[in-house]
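1. Structure for this input, please:
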Amino acid sequence: MTPTILLDLDGTLIDSAPGIYSSLRHAFAAHGLPVPDEATLRTFVGPPIHDSMRRHHVPEELVEPVVASYREAFAAGGLYDATVYDGVPEALQALRDAGVRLVVATAKPEVFAGPIVERLGLDRFVDGVFGAPLDEGTSKGDIIARALSTSAAGLDAGALLMVGDREHDVHGAIENGLRAVGVRWGYAQPGELEDAGATAVVAEPADLAATALELLRAAA
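-> All right, here's what the predicted structure looks like:
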């Protein structure tokens, strides 16, 4: 039985904010909407883009056009304006060396997530990349369920973990009967991960492998 860890992408493995922010600024300006400040833009990183648009009161008739403009800018180059967090490759290598299977499960559309993972050299650590459809008409829980059915079928919940930086990562894990490890270096608000029910929260990438392995061993 190979233990498996599902990994969020934005805010967990990579700092994707620069490309997302620039694409959002383009989209809002293109439709004559006030461009959100950086603190507001930060809340867009992680959740499905349609949900974020509605949460920030983009008029319903403009949601799809603004999202289309965002994706146009993102596909034109914003998707690659991202960097791997310091210490993440080492953490992933330590988990691989310990015999853990790693799979990306992200709310980012899969057509973007796969090329980003490959471009940033993370594909050598992971055995699969699962994301949302382009219309993002699925929840994080649905994405996790699909990743589990493909990459971890038959595994006991004790041999599984979800790692992410936002509450929807934790909620999606819990929906699927998994424990969740939250990471503080991403985009969560203070207390967000704890309030969502994360089993553990780690402060630095250097802490991730040890914490995850301890949880997997404790449940073995």
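
2. Quick one: the strands in this protein, in order.
-> 4-7, 14-15, 83-84, 101-109, 129-132, 160-164, 179-183, 200-202 (DSSP state E).

3. Tell me where the model's unsure across this structure.
-> 136 (pLDDT under 70).

4. So which residues of the chain form helices?
-> 17-30, 38-42, 49-55, 60-75, 88-97, 110-119, 140-151, 167-175, 192-196, 205-219 (DSSP state H).

5. okay, those, which one's buried deepest?
-> Most buried of the helices of the chain, by mean neighbour count (mean count of other C-beta atoms under 10 Å): helix 167-175, with a mean of 24. C-betas here are computed from N, CA, C, even on glycine.

6. residue contacts, the residue nearest to Val66 when sequence neighbours are not counted?
-> Closest residue to Val66 apart from its sequence neighbours, by C-beta to C-beta, 6 or more residues apart in numbering: Ala27 at 4.9 Å. Contacts for Ala27 (C-beta atoms under 8 Å, 6 or more residues apart in numbering) come out as Val66, Val67, Ser69, Tyr70, Ala73.

7. cool, Val104 as well?
-> Contacts of Val104 (C-beta under 8 Å, 6+ apart): 6-9, 13, 113, 117, 122, 126, 128-131.

8. Find the nearest non-adjacent residue to it, please.
-> Val129 (4.4 Å).

9. same question, Gly131
-> Take Gly131 and drop its neighbours on the chain: the residue closest to it by C-beta to C-beta, 6+ apart is Glu110, 3.3 Å away.

10. what residues are up against the one you found?
-> Contacts of Glu110 by C-beta under 8 Å, 6+ apart are Val129, Phe130, Gly131, Ala132, Pro133.

11. picking up where we left off before, distance to Glu61 for the strands of the chain - can I get that in CSV?
-> Shown next, in CSV, are those (distance: least, C-beta to C-beta, whole Å):
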stretch, distance to Glu61
strand 4-7, 36
strand 14-15, 33
strand 83-84, 36
strand 101-109, 22
strand 129-132, 23
strand 160-164, 32
strand 179-183, 36
strand 200-202, 40
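
12. Nearest to Leu160 among the contacts of Val104?
-> Leu6 (7.4 Å; C-beta to C-beta).

13. any idea how far Glu38 is from the closest one?
-> Note on Leu6: its distance to Glu38, by C-beta to C-beta, to the nearest Å, is 29 Å.

14. ditto for Gly177
-> As judged by C-beta to C-beta, Gly177 and Glu38 stand 37 Å apart.

15. what's the answer for Pro109, then?
-> Pro109 is 23 Å from Glu38, by C-beta to C-beta.

16. Ala75 too?
-> To Glu38, Ala75 is 22 Å away according to C-beta to C-beta.

17. ditto for Val103
-> 31 Å.

18. Check Leu161 too.
-> 31 Å.

19. does Ala220 really touch Leu160, like I thought?
-> No. The pair Ala220 and Leu160 does not pass the contact test of C-beta atoms under 8 Å, sitting 11.8 Å apart.

20. Compare the two and say which one has the larger neighbour count.
-> Higher neighbour count among Ala220 and Leu160: Leu160, with 23 against 10, using other C-beta atoms under 10 Å.

21. Contacts only, for that one.
-> Contact partners of Leu160, counting by C-beta under 8 Å, 6+ apart, are Pro3, Thr4, Ile5, Leu6, Leu148, Ala152, Leu178, Arg179.

22. got a list of what the fifth one touches?
-> Same thing as Leu148. Leu6, Leu155, Leu160, Asn176.
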